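1. Got a predicted structure plus its sequence, pasted below:
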Amino acid sequence: MAEGQMLYTKFYNPGVAENEYLKSQQKYNDELKKIGEDEAKLAEEKRRADEENQQKFVDESAAEVVVPSTTGMFDSDFAVADAWSNYLQDETTINQFAETKEGMAKYNQMVQQLNTFISESQQYYTTNFGSPNDPGASSTWGGAVSRGKLADQGQNPWAKNFLEDSNDLAYYEGVYQQLNDPSAHSFSVVDGEVMIDGKPFNQYARQDAPFVANLVETDYVTGYDVFMKNGAPLKLETEEQARVVMENELKRGPIERQAIRMYIEQNNLQLTVDEVMERPQHLEKAREEYIQDGLKAWTKPDTSTTMSAGERTLAAQKEEETKEFEDRVDTMLNSSFKTEDTVDIPTGEGTFTTVPARQIFPVPAIQDLIPVEADGEMAQFKVQRIEFDNVRGVVVLSGMEFTNDKDTITREVELDPSTAEGQASLSQLDVALDVYGLTLEDLRTEAFGTDLREVPSAQMNAEKNRLNGGQQSADSSGKLNG
């Protein structure tokens, strides 16, 4: 056989080619089979893992559900939380949601929503239930009960601001019963969504501040009534003194509002209180008419010298009381306490006066209630001590603040003469002192002394700089050292 023919037979023999093809085909089929077996194995492993996760979900889900407590929330909220918790712990519910991953995720979401609902219910209860010791002005169930007790005694927490609660205790009792009605709300689950009162969970809203007072204005108080309460007891000798009392009363926001309401009604005006306050011409008229109404209550003291025996007896008693007051005033001035530390206060160009850093006057003589501006509100105050703080330039009153007809609070009130509120309160104090033959200027003169010296301006500035460094003998709490 020729050499070329032999090579052709070796490389192009049909039998050899067919064998090679069959081998490659077998290898391909084997590889496909292996891939199929691997996929089946993975699918089986996934199936077993899913079954294990499903069983674990079924076994553990009920234990993860919070069981609500009957304490710490209103009964209407508890009834919803209890029905919700029971639904999630039910075996049928758990098995139903365990069928798919989506179902298990939805179940876990409802568990978290239940936790949120319970937490919000407890916070709502804490905020609105309060305690039996809550004052009447509190926006809690305890406050509503206290308001009811005060109403039975003819008292009103907002009387000084001429406001009152339009709701009575019976109204709040009805609200409380509704909050504790187990049938007040319904619970259901629709297509895996929690529904309360037929609405989605995220739309559920509780009544905001159910026990807050519905404040409305009381009948307005006339100027006459205001003076009879706060001016007449001072037994003022002049109409000008009476006018000062009324002017100071009008500096209180609530009193000014009464003046405007009285002005609107008596003049048949179609205006609101706010509209009058925005119109100076009306506001000044309202104030003046209120002052004039108050002055109707002022009567000039009887100075007649013709007295009966009984009147002479009363006059003698009055004279004895006056002598007692004078003795007590002398005691007050003589027993005042001065700090040894001094402060130099400029009194004009090139001059200043050296005065005690502080001087305290006990005030047993003043027994009248003085209206003072304290912490942004007007308080009825019985002064027991007047203190001049010459370093800070303020007057400190110590005494008893009357919070209602029975209770008092011992406190200190600082009056800053540089503010309108401080000036108003000091004017009231001046009126009270005048009844006993004293003025604040008398005490101020006593506190300042009369040590005036001529010094160069440069030296005075140096003294002022030294004072700014903190030379007073009182500690940071305001109590005197020593």
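-> That came through, no problem. Bear in mind the structure is a predicted one, so any value in this text is a computation, not a measurement.
2. In a helix, Ser427, correct?
-> Yes. Under DSSP: H, G, I helix; E, B strand; the rest coil, Ser427 sits within a helix.
3. Could you shift the numbering so residue one becomes 802, and keep it that way?
-> Taking 802 as the first residue, the last one we looked at is Ser1228.
4. Neighbours of the residue lying closest to it once chain neighbours are set aside, how many?
-> For Ser1228, ignoring the flanking residues on the chain, the nearest one in space by Cβ to Cβ, 6 or more residues apart in numbering is Asn1049 at 5.3 Å. The way it works is simple: take the backbone N, C-alpha and C, and place the C-beta from them, glycine included. Asn1049 sits with 22 neighbouring residues when counted by other Cβ atoms under 10 Å.
5. Go ahead and confirm Asn1049 touches Gln1229.
-> Yes. Asn1049 lies in contact with Gln1229 (Cβ atoms under 8 Å); the separation is 5.4 Å.
6. Overlap in contacts, those two.
-> Pro1172 (Cβ atoms under 8 Å, 6 or more residues apart in numbering).
7. who touches the nearest residue to Tyr977 once chain neighbours are set aside in this structure?
-> In space, and not counting its chain neighbours, Tyr977 is closest to Trp942: 5.7 Å by Cβ to Cβ, 6+ apart. Trp942 makes contacts with Asn929, Phe930, Gly931, Tyr973, Tyr977, Phe1012, as judged by Cβ under 8 Å, 6+ apart.
8. Which of those scores worst on pLDDT?
-> Checking pLDDT across these, the minimum falls on Gly931 at 91.
9. May I have the longest strand seen in the chain exported as CSV, CA atoms only?
-> Ranked by number of residues, the top strand in the chain under DSSP state E is strand 1178-1190. In CSV, the C-alpha atoms belonging to strand 1178-1190 read as follows (Å, rounded to 0.1, in the frame of the first residue of the first chain):
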residue,chain,number,x,y,z
GLU,A,1178,-48.1,85.7,87.5
MET,A,1179,-49.7,87.9,90.1
ALA,A,1180,-49.6,86.6,93.6
GLN,A,1181,-51.3,87.7,96.9
PHE,A,1182,-48.4,88.2,99.3
LYS,A,1183,-48.2,89.0,103.0
VAL,A,1184,-44.8,90.8,103.5
GLN,A,1185,-42.8,89.8,106.5
ARG,A,1186,-39.4,91.2,105.5
ILE,A,1187,-38.0,93.8,103.1
GLU,A,1188,-34.4,93.5,101.9
PHE,A,1189,-32.5,96.0,99.9
ASP,A,1190,-29.8,94.3,97.7
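10. Show me what it is packed up against.
-> Under the contact criterion of 3 or more Cβ pairs under 8 Å, 6 or more residues apart in numbering; DSSP states H and E, strand 1178-1190 touches strand 1159-1163, strand 1170-1175, strand 1195-1203, strand 1209-1216, helix 1221-1235, helix 1241-1249.
11. one more time with 6 Å, if that's ok
-> On a contact count with 3 or more Cβ pairs under 6 Å, 6 or more residues apart in numbering; DSSP states H and E, strand 1178-1190 meets strand 1159-1163, strand 1170-1175, strand 1195-1203.
12. out of these, which comes closest to Met1078?
-> strand 1170-1175 (19.3 Å; Cβ to Cβ).
13. ok so, going back, under a three-state scheme, what state does the residue nearest to Ser1228 occupy?
-> Asn1049 falls in the helix class when you classify it by three-state DSSP.
14. Check Pro958 too.
-> Criterion first, three-state DSSP; result for Pro958: coil.
15. Quick one: neighbours of it, just the number.
-> Neighbours of Pro958 (other Cβ under 10 Å): 21.
16. Could you tell me the model confidence score at it?
-> Looking at Pro958, its pLDDT stands at 90.
17. What distance do you get for it to Trp942?
-> To Trp942, Pro958 is 16 Å away according to Cβ to Cβ, to the nearest Å.
18. For ChimeraX, write the select line for the buried members of the contacts of Trp942.
-> The buried subset of the contacts of Trp942, as determined by 16 or more other Cβ atoms under 10 Å, is captured in ChimeraX by this line:
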select :929,930,931,973,977,1012
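19. Any chance of the contacts of Trp942 in CSV with secondary structure as columns?
-> Shown next, in CSV, are the contacts of Trp942 (three-state DSSP):
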residue, secondary structure
Asn929, helix
Phe930, helix
Gly931, coil
Tyr973, helix
Tyr977, helix
Phe1012, coil
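20. so which strand or helix has Tyr822?
-> Tyr822 is part of helix 815-865, with elements assigned from DSSP states H and E.
21. Let me know the average pLDDT across that helix.
-> What helix 815-865 shows for mean pLDDT is 67.
22. Contact partners for Asn1031?
-> Counting by Cβ atoms under 6 Å, 6 or more residues apart in numbering, Asn1031 touches no other residue.
23. and the gap between it and Asp969?
-> Per Cβ to Cβ, Asn1031 is found 30 Å from Asp969.
24. now Asp953
-> 10 Å.
25. just Glu921 next, same as before
-> Using Cβ to Cβ, one gets 30 Å for the distance from Glu921 to Asp969.
26. do Phe1182 as well
-> Computed as Cβ to Cβ, the Phe1182 to Asp969 distance reads 32 Å.
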